[in-house]
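Visitor: Pasting the sequence and the predicted model now:
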Amino acid sequence: MFSIVIKNIKGRKGRSFAMIFLAGLLSAFVFAGTVTVQSLQNGFSSLENRLGADVMVVPYEATTKTNLENIVLQGSTGYFYMDSSYLDELSQIEGVGEITAQYYLASVKASCCSIPVEIIGFDPDTDFVITPWIKKSSGAEIGYLDVVVGNDLNAFVGDTLSFFGVEVNVVAKLEKTGTSYDTQVFTNEETIKTLIDESLNKQLNEYADINSGNIVSCILIDAADGYSVDEIVNEINVHYKKLSAIRTQNMISGISDSLSGVSGIMQVLIGAIWILGICILIVAYIMITGERKKEFAVLRAMGASGKKMFGLVFFEGMLLSLIGSVFGVIFGFVLMISFEGAIENSLSLPFLLPSWGIMIVIALAAIALTLISGALSSGICAKRISSMDTGNILRSGE
């Protein structure tokens with residue numbers, strides 16, 4: 001039977017290619033669609049982990065002039081400052097557990113800067129957001145004029161970058177997160193203050209009258225165990241009119257809603273395409289087997305049983321589906337790897353491809369679904385062929 005099936009496939013190259021193409025198209029879409037949904041979920045989880053704080057406090061004017069979500073979550077270049085004395089004041093609020101400050105600075109498209117990026121400074125002594133992530137990714141120690149770069153930046157360990165005329169050393173490159181952190185630069189408090197001073201000296205800072213020694217951009221707070229995050233937010237917003245406290249969970253609620261919407265649409269499309277694929281394969285098999293009635297009738301006349309005929313058609317369909325599904329998964333994988341950045345930009349959502357292990361599981365699932373589709377399609381046609389009246393077909397001249 002295997003020999004006959006192989007000869008049939010080789011003898012009808014056009015027909016075989018068409019069936020392989022249909023099966024490959026189905027498996028490629030199922031694989032790519034499932035990977036996309038999983039990547040969005042991974043990206044959102046990574047974003048939640050990277051935020052790492054319950055409350056973000058920024059100058060009130062920043063909320064009126066700047067889209068904080070674009071700066072903090074999407075990596076758009078922007079910055080703002082407030083008096084550093086707020087750090088000590090807010091640390092005295094009941095319920096505040098860990099507290100730390102960050103400093104923002106955006107480099108510019110000019111000869112003084114290697115690349116236009118968002119630069120984030122932090123205090124290694126108090127930071128609980130960025131430091132654990134850096135240690136997990138590289139374990140590198142950040143000294144004066146050292147920086148750590150996001151995964152998507154075209155910079156590597158040992159490179160030298162220039163910001164506002166100050167040369168800094170790349171000591172680590174972070175692992176992929178699928179978030180805005182992949183396009184940002186991180187450094188310690190001492191280095192970021194030097195960069196701020198140089199941006200002021202070169203008149204490339206929007207805030208010409210600030211002193212780097214007594215400013216911060218934002219304050220991050222983790223609520224102590226047993227205390228309400230909302231109560232801390234309300235306390236700050238009521239008593240500090242020049243500040244705006246934002247629950248970080250609220251900042252990503254819009255992304256969560258968008259993610260749910262996109263994921264839901266993708267899941268519906270995957271299901272619809274699978275059902276449509278089965279229907280197309282059934283129609284294709286019926287058309288093909290209809291053209292092969294005389295061939296099957298001759299085999300029956302030569303002594304092939306209905307069971308043998310069923311096995312012949314079914315096995316041929318399964319083999320074509322297997323070949324197509326494997327090529328389809330390979331194509332889908334290449335597509336996802338090649339256009340990962342374009343997909344992320346088009347969706348404007350955090351996007352992080354799954355691990356190799358998960359990708360293999362998804363690939364096997366896509367192949368299995370395609371084989372199920374092929375089995376249903378070829379099975380229906382095999383049943384039809386095995387029960388046909390051989391004598392009528394041969395007498396009719398078909």
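Guide: That came in fine, so what should we check first? Numbering: from 1, shown residues only.

Visitor: Give me the spatial nearest neighbour of Leu352, chain neighbours excluded.
Guide: Nearest non-adjacent residue to Leu352, counting by CB to CB, 6 or more residues apart in numbering: Gly178, 2.8 Å away. Yep, even glycine has a C-beta here, placed from its N, CA and C like the rest.

Visitor: tally of neighbours for that neighbour?
Guide: Using other CB atoms under 10 Å, Gly178 has 24 neighbouring residues.

Visitor: swap in Tyr240?
Guide: Tyr240: 17 surrounding residues under other CB under 10 Å.

Visitor: what's the answer for Ser138, then?
Guide: Ser138: 16 neighbours (other CB under 10 Å).

Visitor: and the gap between it and Asn42?
Guide: Counting by CB to CB, to the nearest Å, the separation of Ser138 from Asn42 is 20 Å.

Visitor: Name the helix or strand for Asn8, please.
Guide: helix 2-11 (DSSP states H and E).

Visitor: any weak-confidence spans in the stretch 101-250 of the chain?
Guide: 139 (pLDDT under 70).

Visitor: which residues of it fall in strands?
Guide: Secondary structure of the stretch 101-250 of the chain (DSSP state E, counting those that start in this stretch): strands located at 118-122, 146-149, 160-163, 166-173, 184-188, 215-216, 218-223, 243-247.

Visitor: would Ile367 count as being in a strand?
Guide: No. Counting by DSSP: H, G, I helix; E, B strand; the rest coil, Ile367 is not found in a strand; it is helix.

Visitor: show me the contacts for the spatially closest residue to it that is not a sequence neighbour.
Guide: Closest residue to Ile367 apart from its sequence neighbours, by CB to CB, 6+ apart: Ser325 at 4.4 Å. Neighbour list for Ser325: 23-24, 26-27, 366-367, 370-371, 374 [criterion: CB atoms under 8 Å, 6 or more residues apart in numbering].

Visitor: Scan these and report the most crowded one.
Guide: Ser27 (33 neighbours).

Visitor: burial measure for Tyr285, as a count.
Guide: If you count neighbours by other CB under 10 Å, Tyr285 ends up with 26.

Visitor: With Val37 instead?
Guide: 20.

Visitor: next one: Ala53
Guide: By other CB under 10 Å, the residues close to Ala53 number 21.

Visitor: Asn237: what's its closest spatial neighbour, skipping adjacent residues?
Guide: Ala245 (5.2 Å).

Visitor: So which residue is smack in the middle of this structure?
Guide: For the chain, the residue nearest the mean C-alpha position is Phe351 (2.0 Å; CA atoms, centre = their mean).

Visitor: how far away is that one from Glu340?
Guide: Taken as CB to CB, the span from Phe351 to Glu340 is 7 Å.

Visitor: repeat for Ile270
Guide: According to CB to CB, Ile270 stands 19 Å off from Glu340.

Visitor: Which one's more surrounded, these two?
Guide: Taking other CB under 10 Å, Ile270 and Glu340 do not tie; Ile270 has more neighbours (20 against 17).

Visitor: what sits against that one?
Guide: Residues near Ile270 by CB under 8 Å, 6+ apart: 29-30, 33-34, 37.

Visitor: Looking at the residues you listed, which are in helices?
Guide: Applying DSSP state H to the contacts of Ile270, the entries found in helices are 29-30, 33-34, 37.

Visitor: now those as a markdown table including pLDDT and distance to Glu61?
Guide: Formatted as a markdown table, those follow (pLDDT from 0 to 100; distance: CB to CB, whole Å):
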| residue | pLDDT | distance to Glu61 |
| --- | --- | --- |
| Phe29 | 88 | 48 |
| Val30 | 89 | 49 |
| Gly33 | 87 | 44 |
| Thr34 | 88 | 45 |
| Val37 | 85 | 39 |
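
Visitor: which one of those residues has the most neighbours?
Guide: Most crowded among the ones in helices among the contacts of Ile270, counting by other CB under 10 Å, is Val30 at 28 neighbours.

Visitor: didn't that one look like it was pressed against Trp274?
Guide: Yes. The criterion here is CB atoms under 8 Å, and Val30 meets it with Trp274 at 6.3 Å.

Visitor: Run the angle between the helix or strand harbouring Ile275 and strand 243-247 for me.
Guide: Per DSSP H and E, Ile275 falls inside helix 253-291. Here helix 253-291 runs at an angle of 40 degrees relative to strand 243-247 (axes from the mean of the first three to the mean of the last three CA atoms, to 10 degrees).

Visitor: any idea of the mean pLDDT for helix 253-291?
Guide: What helix 253-291 shows for mean pLDDT is 74.
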